[in-house]
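Student: Compute the structure for the input listed below.
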Amino acid sequence: MARRGEEFIGTMAVQERHRFDIGALEVYMKGAVEGFAAPLSVDQFKGGQSNPTYRLTDAAGRRYVLRRKPPGKLLPSAHAVDREFRVIAALNKTDVPTPKAYALCEDASVIGTAFYIMEFCDGRVLWDPLLPEVPRAGRRAIYEAEIDTLARLHKVDRAAVGLGDFGRPGNYVARQISRWGGQYKASETEKIEAMDKLLAWLPANAPEADVTTIVHGDYRLDNMVFHPTEPRVLGVIDWEIATLGDPIAELSYLCMMYRMPRDQGGLADDDLASLGVPDEAEMVRMYCERTGRSGIDHWDFYMAYNLFRVACIRQGVYARSLDGTASNVRAADSGRLVRPNAELAWDLARRLGAS
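Tutor: Next comes the predicted model:
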């Protein structure tokens with residue numbers, strides 16, 4: 001059986017629709033990135049659904065990562081590489097592991113769309129949450145590092161690092177439901193009854209967060225680079241939808257995979273104990289220990305919300321695959337997961353009293 005996520009590992013030749021003027025980029029980097037030496041060689045990472053991402057190698061062998069807005073018609077507020085650069089640069093000053101931020105270019109005339117350049121973290125991206133490439137005895141340590149990094153992020157003093165205005169405190173989940181629901185409707189390709197019911201039920205039942213923190217927005221195992229041999233995070237990546245928000249919404253997003261079956265990319269069908277992988281309850285306990293919480297309220301609502309949210313995201317990826325702007329070569333597969341994600345969310349809502 002193929003390893004989950006195997007198709008996203010490594011780089012490939014730059015796709016035709018994502019090519020750009022390398023010479024123009026070299027001119028820009030000479031003035032913006034200290035130590036850069038032309039010429040460049042460019043490859044495209046296979047992973048990444050939203051913003052095309054490239055590995056750059058200069059004449060001295062130094063490697064960088066470039067992330068750009070995709071070409072073509074884009075949804076409002078999507079692909080915010082400027083916000084992504086800002087949060088990475090701010091977190092470079094904290095104990096949250098992030099790649100060094102080098103330069104942001106919002107001048108679309110350079111390579112066709114806005115982009116930024118950051119450090120290339122030379123390590124492992126672990127796409128399969130069952131961690132088949134890690135010995136059983138070492139798997140728990142990977143998950144502990146993941147939770148420890150999340151707790152560090154949620155404890156950052158946002159004002160002290162210049163991110164006090166990075167989002168609006170309060171009503172985070174309600175605003176996210178409105179935002180993702182709007183984007184879902186803008187990219188809708190078929191009628192899904194469960195989605196329509198969730199669009200009505202979720203905002204009427206959203207809890208108010210007891211604290212506001214910096215949130216990554218898409219925090220999961222494959223959005224971090226681990227040390228090549230140690231259970232240590234070198235850098236958390238893909239900060240495009242980071243904002244100020246509800247840390248429990250973020251933790252439950254990370255734990256959502258425990259509620260999803262294997263054919264939806266989850267772990268609900270797997271014997272985690274025999275594999276040495278922590279279960280949902282252990283993940284919550286580890287997080288609470290590291291953040292000083294005694295427990296978490298409204299956990300199942302947060303799960304339903306996140307299943308709805310991922311259905312919206314997958315619908316957007318699928319819609320972009322239809323118009324040719326999706327970055328990932330498997331983006332079209334996202335479409336088949338929208339309905340089952342939504343139905344799983346609605347099943348949870350019904351158990352919470354929805355009708």
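Student: Only C-alpha atoms from now on, for both contacts and neighbour counts.
Tutor: Will do.
Student: okay, Arg17: pLDDT?
Tutor: For Arg17, the pLDDT comes out at 87.
Student: Make sure it is indeed in a helix.
Tutor: Yes - counting by DSSP: H, G, I helix; E, B strand; the rest coil, Arg17 is found in a helix.
Student: Now do the helices in this protein.
Tutor: Per DSSP state H, the chain carries helices over the ranges 22-32, 81-91, 136-154, 172-187, 193-204, 247-255, 272-275, 280-291, 299-323, 335-351.
Student: Which among those helices is found nearest to Thr212?
Tutor: Closest approach to Thr212 among these (Cα to Cα): helix 247-255, 6.9 Å.
Student: my read: Asp279 touches Leu272, true?
Tutor: Yes - between Asp279 and Leu272 there is a contact under Cα atoms under 8 Å: 6.6 Å.
Student: Mean pLDDT and mean neighbour count for the helices of the chain - can I get that in a markdown table?
Tutor: Shown next, in a markdown table, are those (pLDDT from 0 to 100; neighbours: other Cα atoms under 10 Å):
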| stretch | mean pLDDT | mean neighbour count |
| --- | --- | --- |
| helix 22-32 | 98 | 15 |
| helix 81-91 | 96 | 20 |
| helix 136-154 | 98 | 19 |
| helix 172-187 | 94 | 18 |
| helix 193-204 | 96 | 17 |
| helix 247-255 | 97 | 22 |
| helix 272-275 | 97 | 12 |
| helix 280-291 | 98 | 16 |
| helix 299-323 | 92 | 23 |
| helix 335-351 | 94 | 20 |
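Student: With respect to Gln44, which of these lies nearest?
Tutor: Gln44 lies closest to helix 22-32 among the helices of the chain, at 13.0 Å (Cα to Cα).
Student: Contacts for the closest one, please.
Tutor: 36-40, 102-103, 110-111 (Cα atoms under 8 Å, 6 or more residues apart in numbering).
Student: Just want the most central residue of this structure.
Tutor: Asp218 (2.9 Å; Cα atoms, centre = their mean).
Student: Quick check: phi and psi on that residue?
Tutor: phi -150, psi 50 (degrees, to the nearest 10).
Student: ok, back up a step: let me have the helices of the chain in CSV, extended by distance to Val65.
Tutor: Below are those laid out as CSV (distance: least, Cα to Cα, whole Å):
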stretch, distance to Val65
helix 22-32, 12
helix 81-91, 12
helix 136-154, 22
helix 172-187, 28
helix 193-204, 36
helix 247-255, 25
helix 272-275, 34
helix 280-291, 30
helix 299-323, 22
helix 335-351, 28
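Student: wait, which of these is closest to Lys46?
Tutor: Closest among these, using Cα to Cα: helix 299-323, at 14.9 Å.
Student: how far away is the residue nearest to the centre of the chain from Val233?
Tutor: Using Cα to Cα, to the nearest Å, we find Asp218 at a distance of 16 Å from Val233.
Student: same check, this time on Arg175
Tutor: 31 Å.
Student: And for Arg67?
Tutor: 20 Å.
Student: do the same with Thr189
Tutor: Relative to Val233, Thr189 is positioned 38 Å away (Cα to Cα).
Student: what do you get for Tyr305?
Tutor: Note on Tyr305: its distance to Val233, by Cα to Cα, is 28 Å.
Student: what does Val81 give?
Tutor: 22 Å.
Student: Now do the contacts for the closest residue to Gly316 other than its chain neighbours.
Tutor: Closest residue to Gly316 apart from its sequence neighbours, by Cα to Cα, 6 or more residues apart in numbering: Ser187 at 5.7 Å. By Cα under 8 Å, 6+ apart, the contact set of Ser187 is 315-316, 319.
Student: Please apply the same query to Leu267.
Tutor: With Cα under 8 Å, 6+ apart, Leu267 has these contacts: 129, 257-261.
Student: ok, now Asp21?
Tutor: 110-111.
Student: so what's the backbone phi/psi at it?
Tutor: When quoted as degrees, to the nearest 10, the phi and psi of Asp21 stand at phi -80, psi 100.
Student: What pLDDT is listed against it?
Tutor: On the pLDDT scale, Asp21 is placed at 96.
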